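Novice: Model the structure of this input:
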Amino acid sequence: MFLFDPSYRPILIFLAVLGLFALFRLVRQRWFTDPGVDFSDDDAGHRQAVQLARASLDEFWTALRRPAAPGTEFGLKIGLPAGQGTEHVWVLADGRTESSQSGKLMSRPRYLKLREGERIQFEPDQISDWMIRDATGTRGAYTIQAMLRTLPPHEARRMADEQGVVLQD
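Specialist: This is a model prediction of the structure:
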């Protein structure tokens, strides 16, 4: 039988390594990357969510200036130029002056050559959403709400529960 023929051993080892490499890439791609959600610039729900977030941004800045409970996260969604469009990424807000704002990327962007945890600076007009996450849940997150409304109800509830987001009508 050819499987036990020693002359085939290098080929079998090569195929086994190739299979393990393919399996590793598949697992890494599924478990370690954020699939993200693509919205068209024409998507009315997303546009409205961005408008609501920007209109209520003072609530975020006020909360950020106050002492926060341990474990509270202040996130901003930032639109960054990416190819022909814009990629929106979440950053942990940790700095703001009159002239600049900065934060650390909460996840790895899909289209930009940036890393999770990398510090970026951004302009106020790049902010498309905000959220405050603490032990009581999540406030803000208007674009997440818009995304959840596009999903089947059972999937939206599951994702909302995972993120601590209260679905709003």
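
Novice: Could you use CA atoms for every contact and neighbour count after this?
Specialist: Fine.

Novice: all helices of this structure, in order?
Specialist: With DSSP state H, the ranges of helices along the chain come out as 9-31, 44-55, 57-65, 142-148, 153-163.

Novice: Worst mean pLDDT among those?
Specialist: Summarising mean pLDDT across these, the least confident stretch is helix 9-31, with a mean of 53.

Novice: Partner strands of the lengthiest strand in the chain, with direction?
Specialist: With DSSP state E setting the assignment, residue counts place strand 85-96 as the longest strand in the chain. Using DSSP bridges, the strands paired with strand 85-96 in its sheet are strand 73-82 (antiparallel), strand 101-105 (antiparallel).

Novice: outside of the last one, which residues touch it?
Specialist: If I follow you right, that is strand 101-105. Taking contacts as C-alpha atoms under 8 Å, 6 or more residues apart in numbering, the residues outside strand 101-105 that touch it are 89-96, 115-124.

Novice: Using ChimeraX, define a selection of the buried residues within those residues.
Specialist: ChimeraX command restricting the contacts of strand 101-105 to the buried ones, with burial defined by 16 or more other C-alpha atoms under 10 Å:
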select :89,90,91,92,93,119,122
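
Novice: and P70, how many neighbours?
Specialist: 8 (other C-alpha atoms under 10 Å).

Novice: ugh, wrong one, R133
Specialist: Residue crowding around R133 was assessed by other C-alpha under 10 Å; the count is 19.

Novice: And for the one 5 residues further on?
Specialist: T138 has 18 neighbouring residues, counting by other C-alpha under 10 Å.

Novice: swap in E155?
Specialist: Neighbours of E155 (other C-alpha under 10 Å): 13.

Novice: State the distance from it to L148.
Specialist: With distances defined as C-alpha to C-alpha, to the nearest Å, the gap from E155 to L148 amounts to 8 Å.

Novice: Also A55?
Specialist: Applying C-alpha to C-alpha, one obtains 21 Å for the distance of A55 from L148.

Novice: more crowded one of those two?
Specialist: Residue environment comparison for A55 versus L148 gives the larger neighbour count to L148, 20 against 11, counting by other C-alpha under 10 Å.
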